[in-house]
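Chemist: generate a structure from the sequence data that follows.
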Amino acid sequence: MYKRIKLKRLHRDSAHRSAMLANMVTSLFFHENIKSTVAKAKVAGQVAEKLITRAKSNLHAETPAKKIHNMRMVGKFIKDEEVLNKLFNDIAPRVESRNGGYTRVLKIGRRPSDNSEMAILELVDKKPLVQIKDERKKIREERKKKSAKAPVKSK
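Modeler: All right, here's what the predicted structure looks like:
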């Protein structure tokens, strides 16, 4: 019996596809825009919309158990803890009043090497570039402090 395919397969097996989409969505939430082919951008946009909706439902969760459940469900897909916190504490409150349509795909022409149609996938309510760069700088400094504090194990 024919069943509807929920996402495009993108000529990859399921493990490769899920890993690729997880990386793309993680990069989208960290940088707030990414450059990719149109097909991959559309599929990554669908996945990102579902994760943002899950994060938005966390804003009005009645019990702490529901909040933890939402964090764990999104955490299955986004492995980076900093990006996960950014999604729940920064991106979700920004798009709280919006009912869907959190991402947009802008076509930018074709790639010279293989003539693939390229696109930019970005969040609709993204921050200004200067503010994003300042946040990235703070994150890098925090990482350096953590790595400097960690003792080096010798053999």
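Chemist: could you use CA atoms for every contact and neighbour count after this?
Modeler: Fine.
Chemist: buried stuff in the strand or helix carrying N85?
Modeler: Assigned by DSSP states H and E, N85 belongs to helix 81-86. The neighbour-count check on helix 81-86 (16 or more other Cα atoms under 10 Å) flags 83-84 as buried.
Chemist: what does it rub up against?
Modeler: The contact list for helix 81-86, computed with Cα atoms under 8 Å, 6 or more residues apart in numbering, reads 26, 29-30, 71, 74-75, 78.
Chemist: of all residues in the chain, which one is nearest the centre?
Modeler: Geometric centre of the chain, nearest residue: V25, 3.0 Å, by Cα atoms, centre = their mean.
Chemist: got a list of what it touches?
Modeler: 44-45, 47-48, 78.
Chemist: strands - which of those residues land there?
Modeler: When those are checked against strands (DSSP state E), there are no matches.
Chemist: adding neighbour count, write the residues you listed out as a markdown table.
Modeler: A markdown table is the format used below for the contacts of V25 (neighbours: other Cα atoms under 10 Å):
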| residue | neighbour count |
| --- | --- |
| A44 | 23 |
| G45 | 24 |
| V47 | 17 |
| A48 | 22 |
| I78 | 24 |
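Chemist: contacting residues around the least confident helix or strand in the chain by mean pLDDT?
Modeler: Lowest mean confidence among the helices and strands of the chain (mean pLDDT, DSSP states H and E): helix 129-149, at a mean of 86. Where contact means Cα under 8 Å, 6+ apart, the residues beyond helix 129-149 that reach it are H31.
Chemist: restricting to C-alpha, output it in PDB.
Modeler: Provided in PDB are the C-alpha atoms of helix 129-149 (Å, rounded to 0.1, in the frame of the first residue of the first chain):
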ATOM      1  CA  LEU A 129      24.700  40.700  12.000                       C
ATOM      2  CA  VAL A 130      26.600  42.800  14.400                       C
ATOM      3  CA  GLN A 131      24.700  41.400  17.400                       C
ATOM      4  CA  ILE A 132      25.200  37.800  16.100                       C
ATOM      5  CA  LYS A 133      29.000  38.400  15.800                       C
ATOM      6  CA  ASP A 134      29.200  39.800  19.300                       C
ATOM      7  CA  GLU A 135      27.400  36.700  20.700                       C
ATOM      8  CA  ARG A 136      29.700  34.400  18.800                       C
ATOM      9  CA  LYS A 137      32.800  36.200  20.200                       C
ATOM     10  CA  LYS A 138      31.400  35.800  23.700                       C
ATOM     11  CA  ILE A 139      30.900  32.100  23.100                       C
ATOM     12  CA  ARG A 140      34.400  31.600  21.800                       C
ATOM     13  CA  GLU A 141      35.900  33.400  24.900                       C
ATOM     14  CA  GLU A 142      33.800  31.200  27.200                       C
ATOM     15  CA  ARG A 143      35.100  28.100  25.400                       C
ATOM     16  CA  LYS A 144      38.700  29.300  25.700                       C
ATOM     17  CA  LYS A 145      38.200  29.800  29.500                       C
ATOM     18  CA  LYS A 146      36.800  26.300  29.900                       C
ATOM     19  CA  SER A 147      39.600  24.700  28.000                       C
ATOM     20  CA  ALA A 148      42.200  26.700  29.900                       C
ATOM     21  CA  LYS A 149      40.700  25.600  33.300                       C
END
